[in-house]
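>>> quick one: sequence and predicted model below, then my questions.
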Amino acid sequence: MSEAAILPASEHATGPLLEPLRLALRRLLARLPLPIAEFVLFGLKQAWACLFGGVMLAALIATKYLWSAEWPIHRYDALFAFALTVQILMLAFRLESLSEVKVITVYHVVGTAMEIFKVHMGSWNYPEPAEVAMAGVPLFSGFMYGSVGSYMARAIRVFDMRFTRFPPLSLTIALALAIYANFFGHHFFFDTRWFLFAATLLLYGRVRIYYTVDRTPRWMPLVVAAVLTSFFMWVAENVGTFTGTWLYPGQRAWHLVSLGKMGSWYLLLFVSFTLVTLVLPPRPPDARRTEEADADQTNRSTSQ
């Protein structure tokens, strides 16, 4: 990795407090062979983009083993206070932008509305008591949805993501509304998820995400990124049920959440992505970046 590759770019998502640590890590990576350094950096950036969600999952695990029912505050209420505190600190230390907070807030409302309905319909439940709750749903749960929007907004910034062949805003909103409506409507009418899966391919199948790990731009089909992300959301679902934070019917003894939940998350990610694009409109790549990424992708395919 060249010395130029470790110089700070114009904007980073670490905030001034952690900037020395970021530069120290870049100097360490500069000693590694370029492919290995870029792979490690990709993982570090993904972890940084997942900061809010990762902290929340850590809190679920910690409170699972440390919390006592005799304490004066319920576990769910403590999780709400913790999530709110983390959100305020991330904004105060400039680890998150106001645009990202807007995404989290909107998704918190959207997610909580769906939680209330789903819990009412018996799709899952929250077995512990809570004071900070609405219609039986502890309000910390909205932050779990918000962490998805936070990840998307942060990843777009951290990887300087650009998009090609992006569909018109009217169509993306229409699809997002149809997906969101189906999460409610399939309890009463025909489940249209297979049509919605097809619709995501038709609308987003040609969209490429151009992202930059270090200096070299690369690309990935957007639907592939959605599938990979939905897998990690399924893993997070298992953390939630393993810690007993929420339970699906028949989960008296813990077992893996059905892989079918990946499909639900895949669809819900397009709702999340649409909400993010309302705050952070997708930007096209410049011509030079597109040419470099295509050339690099061709070279890698040829070398294999």
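Thanks, I have it.
>>> which stretches of the stretch 101-250 of the chain form strands?
According to DSSP state E, counting those that start in this stretch, the stretch 101-250 of the chain carries its strands in the segments 133-134, 137-138, 162-164, 208-212, 217-221.
>>> okay, those, which one's buried deepest?
strand 137-138 (a mean of 24; mean count of other C-beta atoms under 10 Å). Any C-beta I mention is one placed from the backbone N, CA and C, and that applies to glycine too.
>>> now do that one: distance to the chain's middle.
Computed by C-alpha atoms, centre = their mean, to the nearest Å, the chain-centroid distance of strand 137-138 equals 21 Å.
>>> name the residues that touch that strand?
Applying C-beta atoms under 8 Å, 6 or more residues apart in numbering, the set of residues contacting strand 137-138 from outside is Tyr76, Asp77, Leu79, Phe80, Thr112, Glu115, Ile116, Val119, Tyr126, Glu128, Ala130, Val132.
>>> so the fourth one is in contact with Phe143, correct?
Yes: using C-beta atoms under 8 Å as the test, Phe80 is close enough to Phe143 to be in contact (7.4 Å).
>>> these two: who's more crowded?
Set Phe80 next to Phe143 and count neighbours by other C-beta atoms under 10 Å: Phe143 wins out with 25 against 22.
>>> need the contact list for that one.
Shown in contact with Phe143 (C-beta under 8 Å, 6+ apart): Met56, Phe80, Ala83, Leu84, Gln87, Ile104, His108.
>>> find the nearest non-adjacent residue to the fourth one, please.
The spatially closest residue to Leu84, leaving aside those adjacent along the chain, is Phe143, at 7.8 Å (C-beta to C-beta, 6 or more residues apart in numbering).
>>> widest-spaced pair of the contacts of Phe143?
Phe80 and Ile104 (13.9 Å; C-beta to C-beta).
>>> distance check, the closest residue in space to Val223 that isn't next to it in sequence against Phe166.
Spatial nearest neighbour of Val223, excluding adjacent residues (C-beta to C-beta, 6+ apart): Tyr204 at 5.5 Å. Going from Tyr204 to Phe166 by C-beta to C-beta, to the nearest Å gives 9 Å.
>>> ok, now Tyr126?
Counting by C-beta to C-beta, the gap from Tyr126 to Phe166 is 38 Å.
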